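# Structure of the sequence below:
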Amino acid sequence: MQPSAFRSGVLHNLYERQLAGIRKVVATMHEDLQYDYELEIGRLEE
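Purely as a prediction, here's the structure:
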């Protein structure tokens, strides 16, 4: 079952914007940290 936050267009867009911001910050980190964080972000997107 899909979480209720994803049924709301507004909340879904907010979630996507937050992930985009997180990816921007992660891109400034050391390569090893980037890899670890990208794995976790990938898990969130499943």
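# Please point out which parts of the longest helix anywhere in the chain sit buried.
The residue-count maximum for a helix in the chain (DSSP state H) belongs to helix 9-26. Using 16 or more other Cβ atoms under 10 Å as the burial criterion, the residues of helix 9-26 that qualify are 15, 26. Backbone N, C-alpha and C define where each C-beta goes, glycine included.
# In terms of secondary structure, what does it contact?
Of the remaining helices and strands, those touching helix 9-26 by 3 or more Cβ pairs under 8 Å, 6 or more residues apart in numbering; DSSP states H and E are helix 31-45.
# Tabulate the CA atom coordinates of the helix it packs on in PDB.
The C-alpha atoms that make up helix 31-45 are tabulated as PDB, following Å, rounded to 0.1, in the frame of the first residue of the first chain:
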ATOM      1  CA  GLU A  31      33.000  10.800  -3.100                       C
ATOM      2  CA  ASP A  32      32.800   8.100  -0.400                       C
ATOM      3  CA  LEU A  33      30.000   9.900   1.400                       C
ATOM      4  CA  GLN A  34      28.200  10.700  -1.900                       C
ATOM      5  CA  TYR A  35      28.100   7.000  -2.600                       C
ATOM      6  CA  ASP A  36      26.700   6.100   0.800                       C
ATOM      7  CA  TYR A  37      24.100   8.800   0.700                       C
ATOM      8  CA  GLU A  38      23.100   8.000  -2.900                       C
ATOM      9  CA  LEU A  39      22.400   4.400  -1.800                       C
ATOM     10  CA  GLU A  40      20.100   5.600   0.900                       C
ATOM     11  CA  ILE A  41      18.400   8.100  -1.300                       C
ATOM     12  CA  GLY A  42      17.800   5.300  -3.800                       C
ATOM     13  CA  ARG A  43      16.100   3.300  -1.100                       C
ATOM     14  CA  LEU A  44      13.800   6.200  -0.400                       C
ATOM     15  CA  GLU A  45      12.800   6.300  -4.100                       C
END
